[in-house]
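A.B. asks: let me see the structure of the following:
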Amino acid sequence: MATKIDKEACREAYNLVRDDATAVNWVTFKYEGSTIVPGDQGVDYETFTRKCTDDVRLFGFVRFTTGDAMSKRVKFALITWIGESVSGLQRAKTGTDKTLVKEVVQNFAKEFVISDHKELDEDYIKNELKKAGGANYDAQTE
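C.D. replies: Model prediction:
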């Protein structure tokens, strides 16, 4: 059965993370049968990482504040999580299903496909976003 996405519900969740007026920093998109729907949402990145268990596959849209002493910027990451225990067929489908998620989640600085918890490390993700972010004034001192 072909995977579908609840575009309206997912777009609402996506917009919560993008909205500067909300405290929501992340949202997950999960599978409910053969439909991708919004999952959990929250403020703390560590709580997001706990949703990434070995037996699930999900998509996360996460807001990070990056930058340096001279310039702070908000960057967004699209994280595809595929747990170690997910079957080969589901792993393969996740790649094609991601195109459905990208119809809703269109603005992000960097995309990650992760199945190892070490790669979910907040500093690692922020560093990768910083590399994708352009000018870096850290080398200058005041």
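
A.B. asks: for Tyr124, which non-adjacent residue is spatially closest?
C.D. replies: Spatial nearest neighbour of Tyr124, chain neighbours left out: Lys118 (7.8 Å); criterion: CB to CB, 6 or more residues apart in numbering. The C-beta positions use only the backbone N, C-alpha and C, and glycine is treated the same way.

A.B. asks: tell me which other helices or strands the longest helix seen in the chain touches.
C.D. replies: Across the chain, the longest stretch assigned as helix under DSSP state H is helix 88-104. Judged by 3 or more CB pairs under 8 Å, 6 or more residues apart in numbering; DSSP states H and E, helix 88-104 is in contact with strand 4-5, helix 7-18, strand 35-42, strand 57-67, strand 72-82.

A.B. asks: what average pLDDT does the last one get?
C.D. replies: Meaning strand 72-82. Averaged across strand 72-82, the pLDDT comes to 94.

A.B. asks: now that strand - C-alpha only, CSV.
C.D. replies: This file holds the C-alpha atoms of strand 72-82, laid out as CSV (Å, rounded to 0.1, in the frame of the first residue of the first chain):
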residue,chain,number,x,y,z
LYS,A,72,22.9,34.6,16.0
ARG,A,73,20.7,32.8,13.5
VAL,A,74,17.9,30.3,13.5
LYS,A,75,18.5,27.2,11.4
PHE,A,76,16.3,24.3,10.7
ALA,A,77,17.2,20.7,10.3
LEU,A,78,15.2,17.8,8.7
ILE,A,79,16.2,14.6,10.4
THR,A,80,15.2,11.2,9.1
TRP,A,81,15.6,8.7,11.9
ILE,A,82,15.7,5.0,11.1
